[in-house]
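[1] here is a sequence together with a model predicted from it:
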Amino acid sequence: MNKYLLILVWLLVPPLQADSFRPAADDSLALAAALPLTDRMVELLARLTSEPDKAATLEHATLELSGLYLQGARQPGFDDWFHEAEQWLDTLGNKSAGSINYLLLRADIQQQQHQFQAALQTLQAVLNKDPQHLSASLMAARVYLATAQHQAAQQACARLWQQDLFLFSVCSYEVAGRKGNWSSSYPALEQLYQRQTSIPPAIEIWVRGILAEQAEQLGQMRVAQQWLQPILSQAPTSLWLKWADLSLQLGEAERVFNKLSALQQHLGFADSLLVRLVMAEQQLTAEQHSASQPSFFAELAQRINVRIARGDSDHAADLAYYFLHIKPDAAAALHWAELNYQSAKEPDDLALLKQSKQAFTQSNKLTEAY
């Protein structure tokens, strides 16, 4: 298999044929409705369900199906596919659990659930079998970056040196930025990107995401937004979030609302994007001096209340954003931001923690004043 097709699964990017994961224009999908499958997924499901007693002999089909679910799960509205991927992976026995493909899929699910230490242990099992494994090295670098282990991330990038100089360079420039060297890593990465005559779509989305982050860290919000705009229709949820945050900072609430509300009504999506949708609607309401409540607020509030009631701390950043921007509660925002930062330590997580601390400090000053 082409190495770039392997890489795209592990870089938090959508599949190359992203359109095949979207419903037709005349479909009407509720949040809990079954999501559309590709022809290949339908074929694999038919094989696995028609001969359930022989499922143990269909390891390759099960692994492929789980991988396809993971690819689709990156896109807005398809978050439930992470659970589908995990359920199919769980059907495999101990014999399959030692294969490299199984371990890569398991590590991907673990990092998505913010089980970063477990993901690193699983990836180490891959590297024990193949010390120069390309996908395992790239995913390990991403996990190390998510937990602010920058030196370990660079060591993971270094394993790419003799295999793919371009990927090694991109990986290294991303690490350099995370170390704080934004002013040198950004122009170097931009020049590297501009010298490429042809980049697979999945890799281009990955590189543009890094360039957007680095431009943002340099205070170039408009430039950062422009890096994302051309690939937004194929972008994973993580880059949709970044685009929405940048656009809201640039005062483009109407643009965010129009895009996200259309997406929400067509597919339905996870709390993180719903938070941005309500933020955009709140800004528009304020600009229009309207006292009406945002139309998506009730759904978001219900989801947040359910998560709090069941003690759901996965992706706690959603809760911190909610109490920081939607229903201001500085103490609650700080609580969830601190909880989030215990596991995820990327620039956005640090910024969220700082904003929550500032809101908490200001809230205390106001309380003391009265």
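    Perfect, thanks for sending it.
[2] neighbouring contacts of the lengthiest helix in the chain?
    Looking across the chain with DSSP state H, the single longest helix is helix 347-369. With contact meaning CB atoms under 8 Å, 6 or more residues apart in numbering, helix 347-369 is reached by 178, 213, 217, 242, 245, 317, 320-321, 324, 328, 330-331, 333-334, 336-338, 340-341. For every residue, glycine as well, the C-beta is placed using N, CA and C.
[3] now which of those would you call buried?
    Neighbour-count burial (16 or more other CB atoms under 10 Å) applied to the contacts of helix 347-369 gives 178, 213, 217, 242, 245, 317, 320-321, 324, 330, 333-334, 336-337, 340-341.
[4] distance check, the residue nearest to the spatial centre of the chain against residue 81.
    Most central in the chain under CA atoms, centre = their mean is residue 238, positioned 3.6 Å from the mean C-alpha point. Separation of residue 238 from residue 81 (CB to CB, to the nearest Å): 15 Å.
[5] any idea how far residue 232 lies from residue 75?
    11 Å.
[6] and those two? Which one has more around it.
    Using other CB atoms under 10 Å as the criterion, residue 232 and residue 75 rank with residue 75 on top: 23 against 15.
[7] can you classify that one by secondary structure?
    coil (DSSP: H, G, I helix; E, B strand; the rest coil).
[8] ok, residue 126 next?
    helix.
[9] contact partners for it?
    100, 103-104, 107, 133, 136.
[10] mind listing what's buried along the host helix or strand of residue 263?
    Using DSSP states H and E, residue 263 sits within helix 253-266. Neighbour counts over helix 253-266 (16+ other CB under 10 Å) mark 253, 255-257, 259-260, 263-264, 266 as buried.
[11] report the next helix or strand after it in sequence order.
    Per DSSP H and E, the first helix or strand lying C-terminal to helix 253-266 is helix 271-287.
[12] now that following helix, how far from the centre of its chain.
    Chain-centre distance of helix 271-287: 20 Å, with CA atoms, centre = their mean, to the nearest Å.
[13] where in this structure is pLDDT low?
    Filtered on pLDDT under 70, the chain yields the residue ranges 1-35, 52-57, 266-267, 289-294, 367-370.
[14] and it, what are its domains?
    Listed domain ranges for the chain are 252-297, 313-370 (source: automatic domain parsing).
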